[in-house]
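In: no FASTA, just this:
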């Protein structure tokens, strides 16, 4: 399992019935904040998922995986 797989799994977890509740909470609490992580900039990161949730429109309507995160390649 590599970083992209882990980020995909994290994103998928947040789209499940329990994860959606957390995603909604993350969206309201993290909106407008910058997030920082120790992951290399050229690697997928869970912070990318959280940023997309917090600042992107319609998280529930769009898959949020390492595959389709802008600026990240798998």
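Out: Ah, there it is. Here the structure is a predicted model, which means the values were calculated and not measured.
In: check which helices and strands the worst-scoring helix or strand of the chain on mean pLDDT is in contact with.
Out: When each helix and strand of the chain is scored by mean pLDDT, DSSP states H and E, helix 17-30 comes last, with a mean of 83. Counting contacts by 3 or more Cβ pairs under 8 Å, 6 or more residues apart in numbering; DSSP states H and E, helix 17-30 is packed against helix 3-14, helix 46-55. Glycine gets a C-beta too; all of them are placed from N, C-alpha and C.
In: for residue 54, what are its contacts?
Out: 26-27, 29-33, 35 (Cβ atoms under 8 Å, 6 or more residues apart in numbering).
In: among the residues you listed, which one sits closest to residue 2?
Out: Nearest to residue 2 among those: residue 35, at 21.1 Å, using Cβ to Cβ.
In: do you know the pLDDT at the nearest residue to the closest one once chain neighbours are set aside?
Out: Excluding the flanking residues, the one nearest residue 35 by Cβ to Cβ, 6 or more residues apart in numbering is residue 47, at 4.4 Å. What the model reports as pLDDT for residue 47 is 88.
In: over to residue 65?
Out: Here the pLDDT value assigned to residue 65 is 47.
In: tell me the spacing between residue 38 and residue 44.
Out: 14 Å (Cβ to Cβ, to the nearest Å).
In: and what of residue 23?
Out: Counting by Cβ to Cβ, the gap from residue 23 to residue 44 is 18 Å.
In: give me the distance from stretch 34-49 to the chain's centre.
Out: Centroid separation between stretch 34-49 and its chain, computed with Cα atoms, centre = their mean, to the nearest Å, is 9 Å.
In: ugh, wrong one, stretch 31-40
Out: Stretch 31-40 has its C-alpha centroid displaced from the chain centroid by 11 Å (Cα atoms, centre = their mean).
In: name the nearest residue to the most centrally placed residue in the chain, ignoring sequence neighbours.
Out: In the chain, the residue lying closest to the centroid (Cα atoms, centre = their mean) is residue 49, at 1.0 Å. Nearest residue to residue 49, sequence neighbours excluded (Cβ to Cβ, 6+ apart): residue 11, at 4.8 Å.
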